[in-house]
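In: kindly return the folded structure for what I paste below:
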Amino acid sequence: MHPTWGNVSETPRLSGIKVMVIDDSNTIRKTAEIFLLQAGAQVVLAEDGFDALAKINDHLPNVVFCDILMPRLDGYQTCALIKKNPKFASTPVVMLSSKDGLFDRARGRMVGSDEYLTKPFTKDSLIKTVADHAARG
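Out: Sure thing, here's the model as predicted:
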């Protein structure tokens, strides 16, 4: 084992879990994709809410990460639309934001989000969040 990699068994394995990442930042999408693929998850990327809504029926993700600040359709609107669909009402949606504000958390809960993750996230926090929600589903 390479000394800088740490103990691989500490990372929950996410095989069989499909995760959708909705973010208008290519850097955030790619970072999340790398972390999730390393943990064994399947990843679906969407650039914004409209892109996500077009893809969600085809991919049926187990967990959705949704950025709050996006053009055209923001994260709150996207989350609300996902949760209004009976097929996805129980699918966990985790809001992503660069702000760690109480207002954002409360507003996220009002539209049905299940959790709130502050950017930049770590690999561990991303993987743990997916594992926690996938275990409940």
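In: just checking: what are the partner strands of the helix or strand encompassing residue 43?
Out: Assigned by DSSP states H and E, residue 43 belongs to strand 42-46. Paired neighbours of strand 42-46 in the sheet (DSSP bridges): strand 18-22 (parallel).
In: centre of the chain to the partner strand, how far?
Out: 5 Å (Cα atoms, centre = their mean, to the nearest Å).
In: equivalent analysis for stretch 115-133, please.
Out: 8 Å.
In: start at 44, not 1
Out: That works, and once the first residue is 44, the last one we named lands at stretch 158-176.
In: what does it contact?
Out: Identification of contacts with stretch 158-176 by Cβ atoms under 8 Å, 6 or more residues apart in numbering yields 54-55, 57, 60, 62, 71, 74-75, 78-79, 81-82, 84, 105-106, 108, 110, 135, 137-143, 147-148, 151, 157. No exception for glycine: its C-beta is placed from N, CA and C like everyone else's.
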